[in-house]
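Enquirer: sequence unknown, structure follows:
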């Protein structure tokens, strides 16, 4: 299992380095933005998926609830990034500056 993941990762990196088209896709604005908010996405995705499937799955159908979960994840990720991740980054930088100057 691990060797297959390593091979897949190496192939992905090789394609990204060798292909200008793949490199351009990977440096596109939407994917770069996704990279910036990826930690916030990591923090909220499970909560949003479970809450949406439990709340809407029985009445709406689990497939449709999954689509709703993806749609809800986008604003939830943005909110988490704006109000949790960015303030935490600013706080850690100010603590770092204070420690360096002390």
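Expert: Everything's here; your move. Fair warning: this is a prediction, and the values are worked out from it, not measured in the lab. Residues are numbered from 1 along each chain as shown.

Enquirer: only C-alpha atoms for contact and neighbour calcs from this point on.
Expert: Noted.

Enquirer: And the residue nearest the centre of the chain, how far from residue 51?
Expert: Residue closest to the mean C-alpha point of the chain, counted by Cα atoms, centre = their mean, is residue 38 at 2.6 Å. Going from residue 38 to residue 51 by Cα to Cα, to the nearest Å gives 20 Å.

Enquirer: Repeat that for residue 32.
Expert: 28 Å.

Enquirer: same question, residue 17
Expert: For residue 17, the distance to residue 51 - Cα to Cα - is 39 Å.

Enquirer: Then residue 43?
Expert: Residue 43 sits 14 Å away from residue 51, going by Cα to Cα.

Enquirer: element containing residue 96?
Expert: Element membership for residue 96 (DSSP states H and E) is helix 86-101.

Enquirer: Summarise which helices and strands that helix is packed against.
Expert: For helix 86-101, there is no helix or strand it packs on, judged by 3 or more Cα pairs under 8 Å, 6 or more residues apart in numbering; DSSP states H and E.

Enquirer: From the chain's centroid, how far away is that helix?
Expert: Centroid separation for helix 86-101 versus its chain: 23 Å, with Cα atoms, centre = their mean, to the nearest Å.

Enquirer: ok, and what's touching it?
Expert: For helix 86-101, there are no surrounding residues in contact (Cα atoms under 8 Å, 6 or more residues apart in numbering).

Enquirer: What average pLDDT does it get?
Expert: Here helix 86-101 scores 91 as its mean pLDDT.

Enquirer: before we move on, what about stretch 23-37?
Expert: Stretch 23-37 shows a mean pLDDT of 92.
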